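> Based on what follows, work out the 3D shape:
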Amino acid sequence: MIPLGADTDHLRAHAHALRAQTGALRSLFAELGAVVRSVGWVGPDAEQFRSAAESRFRDASTLLEDIDRRGDELLGHADEQDEASSAEGGGGVIGPGGDEVGAVKDPGDAEGTEPADEEIPEDDESIDPDTSAQGGIGDCYLLSSLQALAQRDPDFLRDHVDEVEPGVYEVTMYDENGDPIVYQVESVQEGGVRDAEGDQSLYSLYERAYAMHLEERGVDINGGFPEDAMETLTGKGADAYDSLELGELAEQLDRGRLVNTDTGGIDDPAHDQIVGNHAYTVTSVDTEAGTVTVTNPWGPGDPNAPKTVTMTYDGYRESFGRTTVGRTDEPGMFEGIGIGDGIGWL
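Here you go, the predicted model:
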C-alpha cells in the first residue's frame, strides 16, 4: 500500500492523546466538583458561588465534548485516508450511513490460532467472570471489559454473537465512529482465554474478533487500554479517571455501567493480592463497610492472585492508578461532568 496524504498513525496517536487528556481533565473536574459540593456554606453568597461554579462546569463539559468530537473526526479521517491509500481501493465493511455491507472474514488458519468449537455455550454459567481464565495473552484490558459486560449486561454479550454455521460465528463490534463491524470468526487464539475447565467460551470468540479488529489497524492485542476495548465492544463512549470516590464507584455500578480498574503502570501495588500492570473488573462496592471488590481476569486457584479480592477503599486508591467507566445504553440528554452521570458535584 502506498500511503497518500496524512500520516494516519500520527492522526490516530493524536486522537488517542486527546482522549487521554480529556479523560484526565474530567477526573480533575470531578474532584473539584466534589470539593465544591462538600463546602458547608449557606446564604446568598453561597448560592451565587454554586451558580457560577455550575456555569463553569457546563462550559467545561461543552469544551471537552467538542475536543472528543474532534478526536473522533481525526480517527474517521485516518480510516478514510487508509481506505483511499489502499491499492485495492478499500473494501471496508461499513457503507454510507453505517449500513453493514459485508463482514471481515477470518482465514481460519492464521498463525497462532486454532479452529473454533461448534456450539460454544452462552448460558449464564459459561460467561460468569468466575469461570473465565485469561491464558497467556496480555489482554487483561479486554477480558476485564468482557467480565464487566457479562456482569452488567449479559444479553448484550450474547446478542452480538451468532453461529451462522457449525464452528463459524459472526461477532459484531464497533469502529471508532460507533458504526457496527461484523467479524466472521472460525478460529480462536492459541493460548487465549478459556473457561475454568480449559474449554472455549464466548470470551474466546470476542478475543479472536478483537485481535482481528486490531490487526486491521496494525496493532497487536498484547497490551492496551480498557476504554478502547469498551468502546469497540459497545459502540458507546468510555472514560478513564485517575480516581473516583467510593460513592461515585457505587453509583456507576448501580446505573449498570461497566467499571474497570487498572494498576496504571504500578509494578508493585500496595495490596499483596493485586498484580502489577494489570486490569481488573470492579464487581461491587459496599459503601457502609467502605470496601471495593474486584475480579481478576486470571483463572481461579492462585492464592497470591485470587480471582476475587475485597479491599478497603484506601487500599483500592493505593493499588490502582485508573478507573474506567463504560456503558451499553445511550447517554442521557444532560449527562456530562456532574450532570446526571453520578460523577461530579450536582
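> which regions of the stretch 1-150 of the chain lie under the pLDDT threshold?
The model of the stretch 1-150 of the chain has pLDDT under 70 over residues 1-11, 13-17, 19-20, 23-24, 27, 30-31, 34, 37-39, 79-102.
> ranges for the strands of it?
Taking DSSP state E, counting those that start in this stretch, the strands of the stretch 1-150 of the chain run over residues 104-105, 113-115, 132-133.
> List the neighbouring strands of the longest one plus their orientation.
Taking DSSP bridges as the criterion, strand 113-115 pairs within the sheet with strand 187-189 (antiparallel).
> Please enumerate the helices of the stretch 201-346 of the chain.
For the stretch 201-346 of the chain, the helices defined by DSSP state H, counting those that start in this stretch cover 202-215, 226-234, 246-254, 313-319.
> nearest to G276, of those?
Smallest distance to G276 across the helices of the stretch 201-346 of the chain (CB to CB): 9.3 Å, for helix 313-319. C-beta coordinates here come from the backbone N, C-alpha and C atoms, glycine included.
> helices or strands next to the closest one in the packing?
strand 291-295 (3 or more CB pairs under 8 Å, 6 or more residues apart in numbering; DSSP states H and E).
> report the angle between the axes of the strand it packs on and helix 246-254?
50 degrees (axes from the mean of the first three to the mean of the last three CA atoms, to 10 degrees).
> Report the backbone C-alpha coordinates of strand 291-295 in CSV.
Written as CSV, here are the backbone C-alpha positions of strand 291-295 (Å, rounded to 0.1, in the frame of the first residue of the first chain):
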residue,chain,number,x,y,z
THR,A,291,-14.9,-1.7,50.6
VAL,A,292,-14.4,-2.4,46.9
THR,A,293,-14.4,-5.9,45.3
VAL,A,294,-12.5,-6.5,42.1
THR,A,295,-12.3,-9.6,39.8
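> can you offset everything so residue one is 41?
Got it, first residue is 41 now, which makes that one strand 331-335.
> helices and strands around that strand, which ones?
strand 319-326, strand 348-352, helix 353-359.
> picking that back up, which stretch among the strands of the stretch 41-190 of the chain is buried most, on average?
strand 172-173 (a mean of 24; mean count of other CB atoms under 10 Å).
> distance between that one and the chain's centre?
Centroid separation between strand 172-173 and its chain, computed with CA atoms, centre = their mean, to the nearest Å, is 18 Å.
> For burial, what's the neighbour tally of H117?
Residues lying near H117 (other CB atoms under 10 Å) number 16.
> any idea how far it lies from D268?
To D268, H117 is 18 Å away according to CB to CB, to the nearest Å.
> can I assume A156 is in contact with V225?
Yes. With contact defined as CB atoms under 8 Å, A156 reaches V225; the gap is 6.3 Å.
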